[in-house]
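Enquirer: have a look at this fold, sequence not included:
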């Protein structure tokens, strides 16, 4: 088994704590509300959102995925860091055994923050994973972050 790592980041004028609350702590409520065309629902199938909880994301009809399940491995609300692992999906991963993610929200000098995301793709033996193999998923994640950013900028009192 090989591990392939990818990192990406983006800057936003939204404060780190607001982004953390919206994208990590309350994503199960917020995201289906503001992005119903892509996400039908997000539910905890085990736990209440803390470490060890399993969150299932159900996608809107017509997409290539129906659902994903993630396990929350670490949640640090003080330092605005979350680690989680993709543990199940409705599609068969022909190349990937698992994916571990880390998301950090760091303050920037202008009152906003930098969202830093790393992904560790644990591939099956003999498989080489290229960035273009996962580009669609990364693009969708970045699109979702932008939707949340726009919502928070348009609603400054939310998660204040």
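Expert: Everything's here; your move. Bear in mind the structure is a predicted one, so any value in this text is a computation, not a measurement. Numbers count the residues shown, from 1 in each chain.
Enquirer: walking through the chain, point out its helices one by one.
Expert: Along the chain, counting by DSSP state H, helices occupy 16-20, 27-34, 131-154.
Enquirer: out of these, the one nearest residue 79 is which?
Expert: Proximity to residue 79 (C-beta to C-beta) singles out helix 16-20 among those, at 9.5 Å. Placement of C-beta: from N, CA and C, glycine included.
Enquirer: buried residues of the closest one, list them for me.
Expert: Residues of helix 16-20 classed as buried by neighbour count (16 or more other C-beta atoms under 10 Å): 16, 17, 18, 19, 20.
Enquirer: now do the most centrally placed residue in the chain against residue 99, distance only.
Expert: Against the mean C-alpha coordinate of the chain, by C-alpha atoms, centre = their mean, the closest residue is residue 141 at 6.5 Å. Counting by C-beta to C-beta, to the nearest Å, the separation of residue 141 from residue 99 is 11 Å.
Enquirer: cool, and residue 40?
Expert: Here the criterion is C-beta to C-beta. By it, residue 40 lies 21 Å from residue 99.
Enquirer: got it, and residue 36?
Expert: Counting by C-beta to C-beta, the gap from residue 36 to residue 99 is 25 Å.
Enquirer: the more surrounded of those two?
Expert: Legend: neighbour count by other C-beta atoms under 10 Å for residue 36 and residue 99, higher for residue 99 (22 against 11).
Enquirer: how about the more buried one, nearest residue that isn't a chain neighbour?
Expert: Leaving aside its sequence neighbours, residue 99 sits nearest to residue 86 (C-beta to C-beta, 6 or more residues apart in numbering; 4.2 Å).
Enquirer: list the contacts of that neighbour.
Expert: Residue 86 makes contact with 68, 69, 70, 98, 99, 100, 101 under the criterion C-beta atoms under 8 Å, 6 or more residues apart in numbering.
Enquirer: where is pLDDT lowest across those?
Expert: Lowest pLDDT within the contacts of residue 86 is found at residue 98 (87).
Enquirer: that residue contacts residue 122, correct?
Expert: Yes. The criterion here is C-beta atoms under 8 Å, and residue 98 meets it with residue 122 at 4.7 Å.
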